[in-house]
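Peer 1: give me coordinates for this.
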Amino acid sequence: MTGALDIILSILLVVGGLFALTGSYGLIRLKDRMQRLHAPTKASTVGLGTALLVSMFHGLMIGTGFSWQEVLVMIFIFVTAPITANYLSKVHLHSRHYDGQTPETGVSRDWATFDQAPEDPEPQLPSRDS
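Peer 2: Numbering: from 1, shown residues only. Model prediction:
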């Protein structure tokens with residue numbers, strides 16, 4: 001049974017490595033910052049998660065026990081990568097470092113940029129007289 005588990009873990013490690021390689025390649029080759037943002041947050045996170053998962057199963061297989069440190073690293077990576085990507089994309093949009101041509105959203109609302117002035121800049125507060 002150990003040989004079959006070794007093969008399964010090896011295949012998972014290669015798949016995780018391919019995800020990480022794809023994410024790294026996308027970080028280098030995609031044309032603008034908003035596209036480059038998705039490569040490490042999606043593909044590289046899955047690659048790293050797979051490598052940590054294989055490491056945990058390998059530790060169980062050789063008898064060293066379950067590793068809580070790897071679980072904590074996986075939780076940290078899977079929680080922080082999307083939050084970081086969200087903040088970086090918002091900073092990118094609000095800092096106006098784009099050419100002004102954002103793609104269509106497909107819904108009635110536009111992107112969250114400061115291109116248009118708000119319809120009602122100051123809300124009408126109720127007067128104290130009434």
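
Peer 1: center of the protein, which residue is that?
Peer 2: Geometric centre of the chain, nearest residue: residue 41, 2.8 Å, by CA atoms, centre = their mean.

Peer 1: dump the residue contacts of that residue.
Peer 2: Contact analysis of residue 41 by CB atoms under 8 Å, 6 or more residues apart in numbering lists 81-82, 84-85. (Each C-beta comes from the backbone N, C-alpha and C, glycine too.)

Peer 1: list only buried entries from those residues.
Peer 2: 81, 85 (16 or more other CB atoms under 10 Å).

Peer 1: inside helices: which ones of the contacts of residue 41?
Peer 2: 81-82, 84-85 (DSSP state H).

Peer 1: which one of these is nearest to residue 106?
Peer 2: residue 85 (20.3 Å; CB to CB).

Peer 1: what helices or strands is whichever strand or helix holds residue 48 leaning on?
Peer 2: Counting by DSSP states H and E, the element that carries residue 48 is helix 45-62. For helix 45-62, the elements it packs on are helix 2-29, helix 68-94, judged by 3 or more CB pairs under 8 Å, 6 or more residues apart in numbering; DSSP states H and E.

Peer 1: what sits against residue 71?
Peer 2: With CB under 8 Å, 6+ apart, residue 71 has these contacts: residue 56.

Peer 1: what helices or strands is the worst-scoring helix or strand of the chain on mean pLDDT leaning on?
Peer 2: The weakest-scoring helix or strand in the chain, judged by mean pLDDT, DSSP states H and E, is helix 33-39 (a mean of 79). Where contact means 3+ CB pairs under 8 Å, 6+ apart, helix 33-39 is packed against helix 2-29, helix 68-94.

Peer 1: pLDDT at residue 130, what is it?
Peer 2: If you check residue 130, the pLDDT there is 52.

Peer 1: and for residue 51?
Peer 2: 91.

Peer 1: burial count for it?
Peer 2: 19 (other CB atoms under 10 Å).

Peer 1: now residue 72
Peer 2: With other CB under 10 Å as criterion, residue 72 counts 11.
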